[in-house]
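Asks: build me a structure from this.
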Amino acid sequence: MSPVVRRQGKVMRLAFPIMLGMLSQSVLNLIDAALIGHLGQEALAAVGMGGYAMFMMTALVFGLSSSVQSQTAHATGANHMCPTQPLRAGMVIGLAVGLPLSCMAWWQAPALIHLISPADDVTQLAIDYFRWRVIALTAIALTLCLRGYWNGRQQTHLYLRIIVVVHAANVALSAALIYGVAGLPALGVNGAAIGTTLSLLLGLGIWGSITWRQCHPSTSSMPSWEDVRSTLTLACPHSLQQLWFAAGYVVLFWLLGQLGTSSVAVGHVLVNLSLLLILPGVGVGVAAMSLVGEALGRDDQQAAHRWGIDALSVAGMLLTVLALPMLVIPEPILGIFFTDEALVQLGRLPLQITGLMIVLDAAALVLAQALMGAGAQRTVMLLTLGMQWLLFLPLAWWVGIWLGYGLVGVWLTQLFYRLLSSTGFLWVWQRRRWLAQGFR
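Replies: The predicted structure follows:
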């Protein structure tokens, strides 16, 4: 077996549990929608609004995962005696940020929900749902730290095992509390939120128990200010990137809203399909983050660069296979979501463009994570947000609305943006200036 094939096999072994875990999250979202859907469209809309508000809050602490993971991988490669230093620093930050942020979000929930959508008929439901969900924000922050630590140690199988348990608990608890099963009160939308919050707390308990057993007593002491500063420096750019990236989708759907309800409906399906099908690329990228960080910890710059290219080749093959049905049989795929033939025809060409986008997005998906493994979070943030906000969104408005090319024009603009973004990340990776950043 050639060295390249062995390296690609290692990438796949690390990425596969992550991909399955991410896929289970998408399946859970569908199950939640099915459970809530029986309560009516107002309940479903409220959960959508509250869930998006929660996603925005989670984005503020999301950078802790990549920060802890990249530093842990680097420390492991360097054979440091205490690779839990980034974890301890991340946990302190998670507590210091998560608790006050959770309290502030609970207090300001009405203002936040009204900012997302002013619809009065679902506002109170969305506020109540969000308030039950945001209680778990600190648990999410701590879980991200623990997940990043074990991914950095290349123990990605733990993520899959724990996420399956958490999701199973989520479905059972939510169903019981929504409909009042086994003598429990029927809480409706609030039951869904409480079930999710309880399952997240269960997940934190499992992660914490495993980590305490295997790392005690090295995780019990307080981190130094230098460790906290380093972790925060790496976490902030990624968190800001996630927050503004999510805000970019708000602007995108506003643009589609200018084109009409049909464009919003088709665009919603296309975006969700693309977010689902890029998961293999994201999983490979998370694996590359650990491998690049470990190689740099060993001061093997050539291996670090090679891991990024090997991971890109694996992701490219996976995404190409997933994109083929969208290119070849777009009508049957759209027929799953729409019974109106007009909507199917409206989405036909944009779906084929989406298939091309998924393949072209491989370099951006993988190399962005690999660069974070090298500690270049700021570079990733500037490149990602610069492409989205300075290129794609203004160009989409100009082509789709001003020039009148509609949904197809917006999606062609997005295809150009994805191509340019991947080209940019590949150029940054090949220049290797990231070797002088991050941990050095």
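
Asks: need the contact partners of stretch 427-438.
Replies: The contact list for stretch 427-438, computed with C-beta atoms under 8 Å, 6 or more residues apart in numbering, reads 70, 234, 296, 301, 304-305, 308-309, 363, 367, 370-371, 374-379, 383. C-betas here are computed from N, CA, C, even on glycine.

Asks: and with 6 Å instead?
Replies: If you take C-beta atoms under 6 Å, 6 or more residues apart in numbering as the criterion, stretch 427-438 is touched by 301, 308, 367, 371, 374-376.

Asks: show me which pair in these is furthest apart.
Replies: Farthest-apart pair in these is Q301 and L367; separation 15.7 Å (C-beta to C-beta).

Asks: out of these two, which sits in the busier spot?
Replies: Set side by side, Q301 and L367 show more neighbours around L367, with 29 against 13, by other C-beta atoms under 10 Å.

Asks: mind listing what's buried along stretch 90-102?
Replies: 90-94, 97-98, 101-102 (16 or more other C-beta atoms under 10 Å).

Asks: scratch that, stretch 284-300 is what I was asking about
Replies: In terms of neighbour count (16+ other C-beta under 10 Å), stretch 284-300 has its buried residues at 284-297.

Asks: select from the residues you listed every entry located in helices.
Replies: Applying DSSP state H to the buried residues of stretch 284-300, the entries found in helices are 284-297.

Asks: phi, psi for the residue of the chain most remote from its centre please.
Replies: Ranked by distance from the centre of the chain (C-alpha atoms, centre = their mean), the top residue is G183, with 36.3 Å. Note on G183: backbone dihedrals following degrees, to the nearest 10 are phi 80, psi 0.

Asks: go on, R432?
Replies: According to degrees, to the nearest 10, R432 has phi 70, psi 20.

Asks: dump stretch 191-206 to PDB, restricted to CA.
Replies: C-alpha atoms of stretch 191-206 as PDB (Å, rounded to 0.1, in the frame of the first residue of the first chain):
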ATOM      1  CA  GLY A 191     -41.500  20.200  26.100                       C
ATOM      2  CA  ALA A 192     -39.300  20.100  23.000                       C
ATOM      3  CA  ALA A 193     -37.000  22.700  24.400                       C
ATOM      4  CA  ILE A 194     -36.800  21.100  27.800                       C
ATOM      5  CA  GLY A 195     -36.100  17.700  26.300                       C
ATOM      6  CA  THR A 196     -33.200  19.100  24.200                       C
ATOM      7  CA  THR A 197     -31.800  21.000  27.200                       C
ATOM      8  CA  LEU A 198     -31.900  17.800  29.400                       C
ATOM      9  CA  SER A 199     -30.200  15.700  26.700                       C
ATOM     10  CA  LEU A 200     -27.400  18.300  26.400                       C
ATOM     11  CA  LEU A 201     -26.800  18.200  30.100                       C
ATOM     12  CA  LEU A 202     -26.700  14.400  29.900                       C
ATOM     13  CA  GLY A 203     -24.100  14.700  27.200                       C
ATOM     14  CA  LEU A 204     -22.000  17.100  29.200                       C
ATOM     15  CA  GLY A 205     -22.100  14.600  32.100                       C
ATOM     16  CA  ILE A 206     -20.900  11.800  29.900                       C
END
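
Asks: how about it: buried residues?
Replies: Quick answer for stretch 191-206 (16+ other C-beta under 10 Å): 191-204, 206.

Asks: hang on, the earlier thing: among the contacts of stretch 427-438, which ones are buried?
Replies: Buried residues within those, counting neighbours by 16+ other C-beta under 10 Å: 308, 367, 371, 374-376.

Asks: for this protein, which residues score under the pLDDT cut-off?
Replies: For the chain, the stretches with pLDDT under 70 are 1-2, 4-5, 24-34, 37, 41, 44, 80-82, 116-121, 216-221, 436-440.
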